[in-house]
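Peer 1: Need coordinates for the below:
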Amino acid sequence: MSADSPPEADRLASTPHPRFNDVLYGQGQAERVFLDSFHSGRMHHAWLVTGPLGIGKATLAWRIAKFLLTDPSRESWSLATTPDHPALSRIRSLTDSSICLVRRTQDQKTGRLPKEITVGEIRNLISFFGYASADDRHRVAIIDSADELNESAANALLKLLEEPPPKTVFFLISHAPSMLLPTIRSRCATLLCRPLEKREFSLALENLDIKAHERHAELAELAEGSVGEAVRILEGGGLEIYSQLVALFGTSPGFKRGAASAIASRCDSPAACRLTSRLTAILLRRLALEGLGGRHGVEAAPSEDSLLRKLSPDLKASREWASTFFELSRRAEAASRLNVEPYATVLEILLSVDRKASEICGGVK
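Peer 2: Got it, this is the predicted structure:
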């Protein structure tokens, strides 16, 4: 990918697009679910590919697409494709006439990526189906991600799912399927992808040419089985940010506002704001688990264990932190949509956590 290539909404900037990835770790169960349907002779026409961010959902969808478009054998119980099949180069270059990718595309006037997939993208998909197929292969549509469809686009897609063209297979990638229209969900079979186990997580990082980090165990804790999350954390200096958050809240309740301001001041971009907000959310979730007695594993930062025990000593505290997690996650998402200044967003989140710590601990350090 050249430096002057347009941004791709469905790709991490420093990693190859999923259509170039021929290896998938940890999703064997989802692969078997699809292959069972394929071999039954009654393959479903629409699949909702779900699971957390960064665990291989798009790679799975593209892996199945390659399988369907390279003359799959009814005898095969693997999604692996012949490496030199001529269709693969066309699929990777997005020039194959039997596949259509629906995603947010760069605005030609502003050069920016919009926040939503518009109905225009679905109209392009309808036009794609209007052309006669050049051969007897399936036609594949990948929507990445369905969570980003605006209302008009979602309704237009629903009509396609209700009356699908012959030999068409839809893959809707979704990180939050509960937010989709119930009518869309009801017309899809589900391929559930799961967070990677530790060994699979390490192998997937190696496959991306990411060498083992000196704090690999801490990275694995924070990424929670998501390779995409691990890449974001490494690129954004997330391990250090999380250590700073633990040190800050180690002085809660009543931490010094200047210390919180110093962390917020480093959020000089929406990406930095999202990462710091996300790491704060991870800390809140770990606090909730601590109060339940369900947190296991290594410390993700120095002195984290003592912080978690202090701020979440019991079940009542766990419930408070769980509620705070959902509320602040919602607030961070709203701030992102409204383009609120990153510094202000992060500072208010940090102050809110400290206020909750004061409620739980009674203002006593």
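Peer 1: what's around Leu94, how many residues?
Peer 2: Per other CB atoms under 10 Å, the neighbour tally for Leu94 reads 11. For the C-beta atoms, the positions are set from N, CA and C on the backbone; glycine is no exception.
Peer 1: from memory it sits against Arg103, does it?
Peer 2: No. Look at Leu94 against Arg103 with CB atoms under 8 Å: they stay out of range, at 10.7 Å.
Peer 1: Now do the helices in the stretch 101-250 of the chain.
Peer 2: 119-130, 151-162, 182-186, 198-207, 216-223, 227-235, 238-249 (DSSP state H, counting those that start in this stretch).
Peer 1: And the shortest one, what's buried?
Peer 2: With burial defined by 16 or more other CB atoms under 10 Å, the residues of helix 182-186 counted as buried are 184-185.
Peer 1: Report all helices and strands that that helix contacts.
Peer 2: If you count contacts as 3 or more CB pairs under 8 Å, 6 or more residues apart in numbering; DSSP states H and E, helix 182-186 packs onto helix 151-162.
Peer 1: hmm, 10 Å instead?
Peer 2: strand 46-50, helix 151-162, strand 168-174 (3 or more CB pairs under 10 Å, 6 or more residues apart in numbering; DSSP states H and E).
Peer 1: same question, the last one
Peer 2: In terms of contact count using 3+ CB pairs under 10 Å, 6+ apart, helix 238-249 is assigned the packing partners helix 216-223, helix 227-235, helix 257-265, helix 270-292, helix 304-311, helix 342-361.
Peer 1: TSV for these, including mean neighbour count, distance to Pro177 and mean pLDDT?
Peer 2: Formatted as TSV, the helices and strands packed on helix 238-249 follow (neighbours: other CB atoms under 10 Å; distance: least, CB to CB, whole Å; pLDDT from 0 to 100):
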stretch	mean neighbour count	distance to Pro177	mean pLDDT
helix 216-223	20	21	90
helix 227-235	21	18	91
helix 257-265	15	33	94
helix 270-292	21	20	91
helix 304-311	19	30	94
helix 342-361	20	26	92
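Peer 1: follow-up on the earlier one: out of the helices and strands packed on helix 182-186, which is closest to Glu290?
Peer 2: strand 46-50 (27.7 Å; CB to CB).
Peer 1: need the next SSE after the closest one, C-terminal direction.
Peer 2: Counting by DSSP states H and E, the next helix or strand C-terminal to strand 46-50 is helix 57-68.
Peer 1: State the next helix or strand along the chain beyond that next one.
Peer 2: Moving toward the C-terminus from helix 57-68, the next element (DSSP H and E) is helix 86-92.
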